[in-house]
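*Asks:* Turn this into a model:
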Amino acid sequence: KSLNCEQGISSHPCGVCDTCREIDQGNFVDLLEIDAASRTKVEDTRELLDNVQYRPARGRFKVYLIDEVHMLSRHSFNALLKTLEEPPPYVKFLLATTDPQKLPITILSRCLQFHLKSLDQTQIAKQLEWVLDQEGQPFEPRALLALAKAADGSMRDALSLTDQALAHGNGSVRLESVLAMLGTLDHRHLHQLLEAILRQDAPATMAKITEIATLGPDFDQLHAELEGLLHRIAMAQLLPASVQEQGADADSLLQLAK
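*Replies:* The predicted structure is shown next:
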């Protein structure tokens, strides 16, 4: 949108012109999205490059957005290199990747690189809340925090998980349904387990373990969550202020840290 907005090239496109709206709707003819993961062969790249010579039909620039570009084969990168060295003035390439280390240095050296930071759980949860409000889908705030945690900083993964949660929950995003889908547990189960261990209450500890087992969690994920919880408790003991804004379990976490 910044390159093709009818109000001019800007870091703040208007969002209301025909071009901006068509891009938002996914039907702008001069924005070509290519999934490199499914088009890894050199023949696919050559077919793409054969069309580079043609000028944009409507916009100021023809934009090629190549997602997961690191999945291209070595021969595909070689075919792409010449065009990246001397691209037509009306063509822009956007190469998106989650693994830039796999890109050849010859490609990296010809690109302006932007490293996008991971989002924190609160930012992801707020964005999911906005999306679901726009779509008119019911949700529970704690369910969104669980999805945000599972997304591990990726907004795209969070949206994908939310789609799955809507399907799993028959059109709503509920905590119980989300936890079952993810194979995780409500944080209260782990907190109660640690409390029983700290009290050296063996019967209560075994009872809680049995209860957790009946819920059928992913035990690898459960182990990772327990490690993460112990790490956060250690941080709370050293820096209590560091957990004040870390979600719904902050009060319980501080209690365990005492």
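*Asks:* what's the residue positioned nearest the centre of the chain in contact with, if anything?
*Replies:* Geometric centre of the chain, nearest residue: S154, 2.0 Å, by CA atoms, centre = their mean. S154 makes contact with S118, L119, according to CB atoms under 8 Å, 6 or more residues apart in numbering. The C-beta positions use only the backbone N, C-alpha and C, and glycine is treated the same way.
*Asks:* so how far is D18 from it?
*Replies:* 31 Å (CB to CB, to the nearest Å).
*Asks:* Ok, P88 next?
*Replies:* Note on P88: its distance to D18, by CB to CB, is 24 Å.
*Asks:* which one of the two has more residues nearby?
*Replies:* P88 (13 against 10; other CB atoms under 10 Å).
*Asks:* With adjacent residues omitted, what lies nearest to that one?
*Replies:* V52 (6.3 Å; CB to CB, 6 or more residues apart in numbering).
*Asks:* Confirm F93 sits in a strand?
*Replies:* Yes: counting by DSSP: H, G, I helix; E, B strand; the rest coil, F93 is located in a strand.
*Asks:* Kindly state the beta-bridge partners for it.
*Replies:* Applying DSSP bridges to F93 gives these bridge partners: Y64.
*Asks:* doesn't V69 make contact with it?
*Replies:* No: contact criterion CB atoms under 8 Å: F93 and V69 do not qualify, at 9.1 Å.
*Asks:* So for those two, which residue has more residues nearby?
*Replies:* Neighbour totals were compared for F93 and V69, and V69 leads with 26 against 17 (other CB under 10 Å).
*Asks:* quick one: H12 and S2, what's the gap?
*Replies:* 8 Å.
*Asks:* let me fix that: D186
*Replies:* For D186, the distance to S2 - CB to CB - is 42 Å.
*Asks:* Between the two, which has more neighbouring residues?
*Replies:* Set D186 next to S2 and count neighbours by other CB under 10 Å: D186 wins out with 16 against 11.
*Asks:* For that one, which non-adjacent residue is closest in space?
*Replies:* Using CB to CB, 6+ apart, the closest residue to D186 is L179 (6.1 Å).
*Asks:* Tell me, how many residues neighbour the one you found?
*Replies:* L179: 20 neighbours (other CB under 10 Å).
*Asks:* Would you list the phi and psi of it?
*Replies:* Note on L179: backbone dihedrals following degrees, to the nearest 10 are phi -60, psi -40.
*Asks:* residues in contact with it?
*Replies:* A146, L185, D186.
*Asks:* Just the ones of those in helices?
*Replies:* Within the contacts of L179, residues falling in helices by DSSP state H are A146.
*Asks:* I'd like the contacts of L179 as CSV, with pLDDT appended.
*Replies:* Formatted as CSV, these follow (pLDDT from 0 to 100):
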residue, pLDDT
A146, 89
L185, 78
D186, 77
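*Asks:* L116: which element?
*Replies:* L116 belongs to no helix or strand when assigned by DSSP states H and E.
*Asks:* Can you get me a residue count around it?
*Replies:* Considering only other CB under 10 Å, L116 is surrounded by 10 other residues.
*Asks:* Please apply the same query to V91.
*Replies:* 18.
*Asks:* Tell me how far Q127 lies from C14.
*Replies:* In terms of CB to CB, Q127 sits 22 Å off from C14.
*Asks:* and what of K92?
*Replies:* Applying CB to CB to K92 and C14 gives a distance of 19 Å.
*Asks:* Please identify the helix or strand for L49.
*Replies:* helix 42-50.
*Asks:* In TSV, list the contacts of L179 along with distance to Q123.
*Replies:* Conversion of the contacts of L179 to TSV gives the following (distance: CB to CB, whole Å):
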residue	distance to Q123
A146	15
L185	24
D186	22
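*Asks:* Quick one: low-confidence residue ranges for the stretch 151-258 of the chain.
*Replies:* 242-249 (pLDDT under 70).
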